[in-house]
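[1] Return atomic coordinates for the entry below.
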Amino acid sequence: MNLFPKNEHIVERIIRIVVGLAVLSLVVIGPKTPVALLGVVPLVTGLLGSCPLYTLFGLSTCSLKTKTSTS
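    Numbers count the residues shown, from 1 in each chain. Sure, this is the predicted structure:
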């Protein structure tokens with residue numbers, strides 16, 4: 001059993017990383033609210049390429065791989 005299966009498309013991963021960094025920046029700049037630490041969630045899932053909720057519900061945004069048959 002794979003603990004962190006890849007279930008995010010590369011575009012989604014990039015968006016999650018950018019959003020995570022933007023939200024985390026609110027801890028240092030901006031309103032300096034501790035709630036901005038929630039930006040760690042999209043950042044980590046984007047870096048890992050695996051979303052635990054997607055795994056729980058059996059979802060994936062990865063492209064379907066073409067199946068080749070051998071005859």
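[2] Point out where this structure drops to low pLDDT.
    Along the chain, segments meeting pLDDT under 70 span 1, 64-71.
[3] so where do the helices sit in it?
    Assigned helices in the chain, in chain order: 10-28, 40-48, 52-57 (criterion: DSSP state H).
[4] okay, these in JSON lines with mean neighbour count next?
    C-beta: built from backbone N, CA, C; applies to glycine. JSON lines is the format used below for the helices of the chain (neighbours: other CB atoms under 10 Å):
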{"stretch": "helix 10-28", "mean neighbour count": "15"}
{"stretch": "helix 40-48", "mean neighbour count": "17"}
{"stretch": "helix 52-57", "mean neighbour count": "12"}
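[5] Out of those helices, the one nearest Phe4 is which?
    Put simply, out of the helices of the chain the one that sits nearest Phe4 is helix 40-48, at 5.4 Å, with distance taken as CB to CB.
[6] ok so, going back, Asn2: which of the helices of the chain is closest?
    Closest among these, using CB to CB: helix 52-57, at 9.0 Å.
[7] Quick one: distance of that closest one to the chain centre.
    11 Å (CA atoms, centre = their mean, to the nearest Å).
[8] now swap in stretch 28-43 and tell me
    16 Å.
[9] Ends of it, what's the gap?
    According to CA to CA, to the nearest Å, stretch 28-43 extends 16 Å from its N-terminal end residue to its C-terminal end residue.
[10] With distance to Ser63 added, can I get the helices of the chain in TSV?
    As requested, the helices of the chain are exported to TSV (distance: least, CB to CB, whole Å):
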stretch	distance to Ser63
helix 10-28	9
helix 40-48	17
helix 52-57	14
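[11] how about those, which one is nearest Leu3?
    For these, the distance to Leu3 is smallest for helix 52-57, at 9.0 Å, taking CB to CB.
[12] and that closest one, what does it pack onto?
    For helix 52-57, there is no helix or strand it packs on, judged by 3 or more CB pairs under 8 Å, 6 or more residues apart in numbering; DSSP states H and E.
[13] what about dumping the CA coordinates of that helix to CSV?
    Extracted as CSV, the C-alpha positions of helix 52-57 are listed here (Å, rounded to 0.1, in the frame of the first residue of the first chain):
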residue,chain,number,x,y,z
PRO,A,52,-5.0,12.8,1.5
LEU,A,53,-8.7,13.8,0.8
TYR,A,54,-8.3,12.6,-2.8
THR,A,55,-6.9,9.3,-1.5
LEU,A,56,-9.8,9.0,1.0
PHE,A,57,-12.5,9.5,-1.7
